[in-house]
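Novice: next comes the sequence, and after it the predicted model I'd like to discuss.
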Amino acid sequence: LMKKKITMSKSLFGLPEKIKVCQKCTYTNQKPNSTIEFRSKVGDKKTGLLFNGECCSACSYSETKDKEINWEYRRKELMKVCDKFRSNSNQFDCIVPGSGGKDSFYAALVLKEEFGMNPLTVTWAPHIYTEWGWQNFKMWIDSGLPNYLYHPNGAVHRFLSRLALENFLHPFQPFILGQYGFPLHCSQKFGIKLVFYGENSAEYGNNPKDNLTPTRSYKDIGLINNEKSYVGGIEVNEISKKYDIPMSALSDYIPPKVEDIAKSEMEWHYLGFYLKWHPQANYYFATKYKFQPAPERNAGSFSRYSGLDDKMDDFNYYFLYVKYGQGRASYDTAQEIRRGDINRDEAKALIERYDGEYPTRFENEVYEYWSINKIPGANQKMIDAFEVKEVNRKYIEKLSDKFRSPHLWKYDKTKKNWKLNYDL
């Protein structure tokens, strides 16, 4: 009998080995769809950006927004939602998660000033605030908005970020878990049934069908029956036992159960379903309330008005570039093209210049954040979890290379650098 030849995939994350480039923007089919982080395990495969002919689903939906959606009708539908939940006794009637970025300003203040709502803003704190991010956060609150700012257990948060760095090259994951879970816990704690998020991530390439509804399903935000929750690819109870971390310090990363969400009658709505979302327009709106762009461009891009609050964000986009070949400039230019602010040739030039730039401006602070031997509250089991205790650039570059997918990258031995295997 002939033995069947087994061909090993060159794609580390399950994305297509044949690379397809959108002919309108700068996305490729290597851009991964968003993951439900509390279900993410080590070894899970990704699903990638869908295409409609030669164009990606994000560009297709952008055309739909411009040509097919009746935004006046949807604005009236938003008013109906607000009327349904509006408080008649001047109590909080909706929750708006945010950090004090341009989109946070827009969402909370439009709901307050144009729709007569009384929003409670809630914030899951960044890992390391930038100076301008903190100032914008204060301006957001000073614009007339109450806020709950929450910091999780610092030692545990830093440990989990390092764990996600090692297992996924995704140290931002614990923040994302809190960013989505904390508002749901606030909804239950304060009995506020309406939660508004900004735009649906499907606008940028997730399942296009998600753009057809203004709400998010309970099964996508909560635990089903006895389902387990994961951080850094490891089940939370296992983390507690293995590293001697109390569950009280880990509960912040566990979403509510679906049955509890259903009992509370909470509804998660995307404001971008009802109001045409335009990031640059949101920036101009926010400047009326003293929002300030960063004094310098973001590492890996040309932009200065988005993703300003966390010093770790530069590495978040750098690691996306390493894993999927798409960095911050790719993400920024794709949005700018869809909004008609730049053309594709201009975008390609910006990507060539900035994408994949190593983030040096805050690197030492971030290395210290990940260095387990520099976390005052780390116990011995947490310290012993990592062979390399202190993080530096040499270690990050060595770790990053393990996450470079062979179908995307080739190493130039002469120039001693990595190059992508495709052109835009």
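Specialist: On my side now, so go ahead. Computed from a predicted structure; not experimentally measured. Numbering: from 1, shown residues only.

Novice: now residue 207: how far from residue 33?
Specialist: To residue 33, residue 207 is 7 Å away according to CB to CB, to the nearest Å. Quick note: C-beta positions are derived from backbone N, CA and C, even for glycine.

Novice: for residue 140, that is, sorry about that
Specialist: 30 Å.

Novice: what residues are up against the closest residue to residue 264 other than its chain neighbours?
Specialist: Counting by CB to CB, 6 or more residues apart in numbering, residue 264 lies nearest to residue 188, which is 5.3 Å off, once chain neighbours are set aside. By CB atoms under 8 Å, 6 or more residues apart in numbering, residue 188 lies in contact with 256, 260, 261, 264, 266.

Novice: would you turn those residues into a markdown table with secondary structure and pLDDT?
Specialist: Shown next, in a markdown table, are the contacts of residue 188 (DSSP: H, G, I helix; E, B strand; the rest coil; pLDDT from 0 to 100):
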| residue | secondary structure | pLDDT |
| --- | --- | --- |
| 256 | coil | 96 |
| 260 | helix | 96 |
| 261 | helix | 96 |
| 264 | helix | 95 |
| 266 | coil | 96 |
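
Novice: drop anything exposed from these.
Specialist: Neighbour counting with 16 or more other CB atoms under 10 Å marks 256, 261, 266 as buried within the contacts of residue 188.

Novice: can you report phi and psi for the last one?
Specialist: Torsion angles at residue 266 (phi, psi; degrees, to the nearest 10) stand at phi -70, psi 140.

Novice: hang on, isn't it packed against residue 189?
Specialist: No: counting by CB atoms under 8 Å, residue 266 does not reach residue 189; the two are 11.4 Å apart.

Novice: what's the distance between the host helix or strand of residue 189 and the middle of its chain?
Specialist: Taking DSSP states H and E as the definition, one finds residue 189 inside helix 173-190. Chain-centre distance of helix 173-190: 14 Å, with CA atoms, centre = their mean, to the nearest Å.

Novice: how about it: buried residues?
Specialist: By 16+ other CB under 10 Å, the buried positions in helix 173-190 come out as 173-187.

Novice: show me where pLDDT drops low in this protein?
Specialist: 1-9 (pLDDT under 70).

Novice: without its sequence neighbours, what residue ends up closest to the residue most central in space within it?
Specialist: For the chain, the residue nearest the mean C-alpha position is residue 176 (6.1 Å; CA atoms, centre = their mean). By the measure of CB to CB, 6+ apart, the closest residue to residue 176 outside its immediate chain neighbours is residue 37, 5.3 Å from it.

Novice: show me what contacts that neighbour?
Specialist: Shown in contact with residue 37 (CB under 8 Å, 6+ apart): 173, 176, 177, 180, 230.

Novice: how does it look with 10 Å?
Specialist: 164, 168, 170, 172-181, 229-232, 253, 255 (CB atoms under 10 Å, 6 or more residues apart in numbering).

Novice: any chance of the contacts of residue 188 in JSON lines, plus distance to residue 317?
Specialist: What follows is the contacts of residue 188, written out as JSON lines (distance: CB to CB, whole Å):
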{"residue": "256", "distance to residue 317": "30"}
{"residue": "260", "distance to residue 317": "35"}
{"residue": "261", "distance to residue 317": "32"}
{"residue": "264", "distance to residue 317": "35"}
{"residue": "266", "distance to residue 317": "32"}
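
Novice: quick check, residue 99 in a helix?
Specialist: No: Residue 99 is assigned coil when assessed by DSSP: H, G, I helix; E, B strand; the rest coil, not a helix.

Novice: gap between the closest residue to it other than its chain neighbours and residue 332?
Specialist: Nearest residue to residue 99, sequence neighbours excluded (CB to CB, 6+ apart): residue 309, at 4.8 Å. For residue 309, the distance to residue 332 equals 17 Å [CB to CB].

Novice: still on that earlier bit, ok, the residue nearest to the centre of the chain - contacts?
Specialist: By CB under 10 Å, 6+ apart, the neighbours of residue 176 are 34, 35, 37, 38, 40, 124, 164, 170, 253, 316.

Novice: so how far is residue 252 from the fourth one?
Specialist: Taking CB to CB as the criterion, residue 38 is separated from residue 252 by 12 Å.

Novice: given the strand ranked longest in the chain, what are its sheet partners and their directions?
Specialist: Identified as the longest strand of the chain according to DSSP state E is strand 119-124. Strand 119-124 pairs in its sheet with strand 94-97 (parallel), strand 147-150 (parallel), by DSSP bridges.

Novice: which of the ones you listed sits most buried?
Specialist: Among the strands paired with strand 119-124, strand 94-97 has the highest mean neighbour count (mean count of other CB atoms under 10 Å), at a mean of 25.

Novice: chain center to that one, what's the gap?
Specialist: Worked out by CA atoms, centre = their mean, strand 94-97 lies 17 Å from the chain centre.

Novice: orientation of the helix or strand following that strand relative to strand 119-124 in degrees?
Specialist: Sequence order places helix 102-113 as the next helix or strand after strand 94-97, per DSSP H and E. Using axes from the mean of the first three to the mean of the last three CA atoms, to 10 degrees, the direction of helix 102-113 lies 160 degrees away from that of strand 119-124.

Novice: ok, the nearest residue to residue 222 once chain neighbours are set aside - how many residues close by?
Specialist: Ranked by CB to CB, 6+ apart and with sequence neighbours excluded, the top spatial neighbour of residue 222 is residue 258, at 4.0 Å. Using other CB atoms under 10 Å, residue 258 has 18 neighbouring residues.
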